[in-house]
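> pasted the sequence and its predicted model underneath.
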Amino acid sequence: MSRAHSFVVEVEDAAVSPGTRGEGSPSSFLCRVCYEELPLAHAYSLRDCGHEFCATCVQRYLELQICEGHVFPKCFYRGEDVSCPKAIAERDIHALVSKELWEKYTRFKFNQENANARQCPFCNHSQVHPGGVSSPRCVCAACSREFCFVHSSAHVGETCAQYENKRIEEDALNRQVISEISQPCPGCGSDVEKTGWACCFVLTAGRTG
């Protein structure tokens with residue numbers, strides 16, 4: 001399972017209700033994600049909806065969600081006619097993920113909930129910058145280094161205008177170089193080297209029918 005959405009659970013037995021365990025003896029339960037029968041000590045019941053899976057499956061699901069930038073993960077229970085709409089509580093996330101991942105989660109969540117939040121490109125500290133685009137110079141409260149609200153660390157020591165003008169000049173120079181060493185392919189119009197073969201025109205010119 002390489003993607004977070006791979007953990008969506010199709011429950012075959014419509015009689016299974018929220019908070020109940022799957023088949024198995026009184027000392028075990030059936031996880032509806034990995035379909036392994038496990039000791040009850042491995043069970044984890046989500047706080048807000050009561051759906052129960054093995055702790056390892058919930059943990060892996062949360063790890064994938066957070067690493068992909070999803071900070072409002074939902075329960076992955078799905079019945080025949082209905083899916084669980086409940087979000088997974090922060091208490092569950094805190095209980096199951098590592099300290100490092102929890103810090104990443106809180107940082108991602110802070111950045112998404114605050115339009116003027118920016119993450120320092122040097123130390124990863126997140127903070128709100130009230131000036132926004134109109135005053136893009138940011139100073140990190142943690143490491144005191146400067147970065148840009150718009151361009152991050154792309155132009156340290158330069159203004160946004162200086163950086164953007166430099167990019168315009170570089171783009172113009174690149175276009176000039178391309179025009180000097182290339183010509184349009186007569187078949188599709190793509191740029192090809194003047195000393196090289198045309199692309200699709202040469203490949204299709206000799207074809208008949």
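Sure, I can see it.
> ok, now how distant is the closest residue to Cys54 other than its chain neighbours from Val128?
Distances taken as CB to CB, 6 or more residues apart in numbering put Cys31 closest to Cys54, at 3.9 Å, once the chain neighbours are dropped. Every C-beta, even on glycine, is put in place using the N, C-alpha and C of the backbone. Distance of Cys31 to Val128, computed by CB to CB, to the nearest Å: 41 Å.
> domains for the chain, by residue range?
4-113, 160-205 (automatic domain parsing).
> ok, the residue nearest to Cys54 - contacts?
Taking CB atoms under 8 Å, 6 or more residues apart in numbering, we find Cys31 in contact with Gly22, Glu37, Leu38, His42, Ala43, Phe53, Cys54, Cys57.
> by neighbour count, which of those wins?
With neighbours defined as other CB atoms under 10 Å, the most crowded of the contacts of Cys31 is Phe53; it has 27 neighbours.
> can you count the residues close to Tyr77?
Neighbours around Tyr77, by other CB under 10 Å: 24.
> now do it, the pLDDT please.
If you check Tyr77, the pLDDT there is 86.
> just checking, it touches His51?
Yes. Contact criterion CB atoms under 8 Å: Tyr77 and His51 qualify, at 4.3 Å.
> C-terminal to the least confident helix or strand in the chain by mean pLDDT, what's the next element?
Between all helices and strands in the chain, the lowest mean by mean pLDDT, DSSP states H and E belongs to strand 9-10, at a mean of 38. Per DSSP states H and E, the first helix or strand lying C-terminal to strand 9-10 is strand 28-30.
> closest to Phe149 out of the contacts of Cys31?
Among these, Cys57 lies closest to Phe149 (CB to CB), at 39.7 Å.
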